[in-house]
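*Asks:* generate a structure from the sequence data that follows.
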Amino acid sequence: MTHLWVRAEQRGNEQRVGITPEGVQSLMADGFRVTVEESSSRALPIAAYRATGCEIAAEGSWPKAPADAIIFGLKELPVGTSPLPHRHIMFGHAFKGQADGPALLRRFKAGGGTLYDLEYLTDETGRRVAAFGYWAGFAGAAIALMVWTAEQLGKGPGRHKVDVYPGRDKLINSLKENLAQALETGRSKPDAIVIGALGRVGTGASNCLEALGLKVTKWDMAETAHGGPFPEILAHDIFVNCILANEGVPVFVPKSALESPRRLSVIADISCDPGSPYNPIPIYDHATSFDDPVIRASEGNPPLDVMAIDNLPSMLPVESSVDYAAQLLPSLRALSNIERGVWGRAQDIFKKKISELD
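*Replies:* Numbering: from 1, shown residues only. This next block holds a predicted model:
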């Protein structure tokens, strides 16, 4: 019997979950054993999971789970040194040269466990089977506008913490109110450029900005194929980057841009991979957070703030969880054949990365 153990998230401001109570019920109907940890932050209430008849465990008790349990979370585990003997499903952020990646992989190597990285769950064509992209883009663009309006109202970096919203409409209404206040200062509406506009992330970002009546320049591979430089980015108020930091991605905003004439005052780096050698926005060196959402990259005129929060869909935890869980459920139902298909491909990538450890 396949045993799926849904752990509580251990990252601050993380309320999402990768499976809904309805999904739990579906797996149990397929013969799965399902355990769901209690959580002090999860957006979906534990009572709804308990009503399915699944097993309920204490928050954070997954290290003592049965050896055959598959531990399922979303965000990576806290930094540590203890060996990891279980099979884990999560976003590990360990396969693209990230700073903490080798340490996490060594924990798996020491414990004999396996990482099935959610970012690398793909179908036969190489397309990801599930992604939070749309809501990451939506939330990232929303925060970019929050930062821009705060600048116009004289609220500098670090003075505009990001809240969690119960739904899209509540967020849009709040943004409209903030924008109206900023425009009372005499400024015109900001314009934005979204790079990666044809993908899930870019679509979410564009939809958010257009819902607020903003002009959006939409670029994708055709517009960036020449490799740069890209002075057009500096001619917009807001830049939303939706391109993953992979080998071959051009640099969109080089360090030299900090000394160049520009209108650009807010960058939302939704892909958020500052530790990667392929970071297309190498003017900042660490991720930001809901409590401290921006890095001031330049005090010029205008100042330039970078938002690089790596769990953006948590801003809309219910909608993003329901959407993602629906995409992922067919793959979870295939866990009984974990050596094959989507899970077999993910395991092969993990084994390759383990073999490359020095």
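*Asks:* spatially central residue in this protein, please.
*Replies:* residue 311 (4.2 Å; CA atoms, centre = their mean).
*Asks:* show me where the stretch 51-200 of the chain has helices.
*Replies:* Assigned helices in the stretch 51-200 of the chain, in chain order: 101-111, 133-152, 168-183, 200-211 (criterion: DSSP state H, counting those that start in this stretch).
*Asks:* same check, this time on the stretch 201-350 of the chain
*Replies:* Under DSSP H, counting those that start in this stretch, the stretch 201-350 of the chain gives helices at 221-224, 231-234, 317-332, 341-355.
*Asks:* as JSON lines, those helices with mean pLDDT would be great.
*Replies:* Shown next, in JSON lines, are the helices of the stretch 201-350 of the chain (pLDDT from 0 to 100):
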{"stretch": "helix 221-224", "mean pLDDT": "96"}
{"stretch": "helix 231-234", "mean pLDDT": "98"}
{"stretch": "helix 317-332", "mean pLDDT": "97"}
{"stretch": "helix 341-355", "mean pLDDT": "97"}
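*Asks:* that older thread, need the winner for burial among the helices of the stretch 51-200 of the chain.
*Replies:* helix 133-152 (a mean of 26; mean count of other CB atoms under 10 Å). Where you see a C-beta, it was placed from the backbone N, CA and C, and this is true even at glycine.
*Asks:* so where's this structure shaky on pLDDT?
*Replies:* Low-confidence segments of the chain (pLDDT under 70): 156-159.
*Asks:* coming back round to it: contact partners for the residue nearest to the centre of the chain?
*Replies:* 11, 13, 14, 16, 75 (CB atoms under 8 Å, 6 or more residues apart in numbering).
*Asks:* mind doing that once more with 7 Å?
*Replies:* Contacts for residue 311 (CB atoms under 7 Å, 6 or more residues apart in numbering) come out as 11, 13, 14, 75.
*Asks:* doesn't residue 312 make contact with the third one?
*Replies:* Same thing as residue 14. No. Using CB atoms under 7 Å, residue 14 is not in contact with residue 312, being 11.0 Å away.
*Asks:* residues that sit against both of these two, list them.
*Replies:* By CB under 7 Å, 6+ apart, no residue touches both residue 14 and residue 312.
*Asks:* quick one, which of the two is more surrounded?
*Replies:* residue 312 (28 against 22; other CB atoms under 10 Å).
*Asks:* surely that one meets residue 136?
*Replies:* Yes. Counting by CB under 7 Å, residue 312 touches residue 136, with 4.4 Å between them.
*Asks:* between the two, what contacts are shared?
*Replies:* Taking CB under 7 Å, 6+ apart as the contact definition, residue 312 and residue 136 share the neighbouring residues residue 270.
*Asks:* those strands in this structure, which residues are they?
*Replies:* Counting by DSSP state E, the segments of the chain that form strands are 3-6, 33-37, 55-57, 70-72, 87-90, 114-117, 192-195, 216-219, 238-241, 266-269, 294-298, 304-307.
*Asks:* please work out which of those is packed deepest.
*Replies:* Comparing the strands of the chain by mean count of other CB under 10 Å gives strand 266-269 as most buried, with a mean of 29.
*Asks:* residues touching the nearest residue to residue 230 once chain neighbours are set aside, list them.
*Replies:* Using CB to CB, 6 or more residues apart in numbering and skipping the chain neighbours, the partner closest in space to residue 230 is residue 252 (5.7 Å). Taking CB under 7 Å, 6+ apart as the contact definition, residue 252 lies against 195, 230, 233, 241, 280, 281.
*Asks:* mind running it again at 8 Å?
*Replies:* 195, 224, 228, 230, 233, 239, 241, 243, 280, 281.
*Asks:* and what of residue 304?
*Replies:* Taking CB under 8 Å, 6+ apart, one finds 258, 262, 264, 265, 266, 267, 283, 296, 297, 298 in contact with residue 304.
*Asks:* the first one reaches residue 301, doesn't it?
*Replies:* This points to residue 258. No. Using CB atoms under 8 Å, residue 258 makes no contact with residue 301, being 11.9 Å away.
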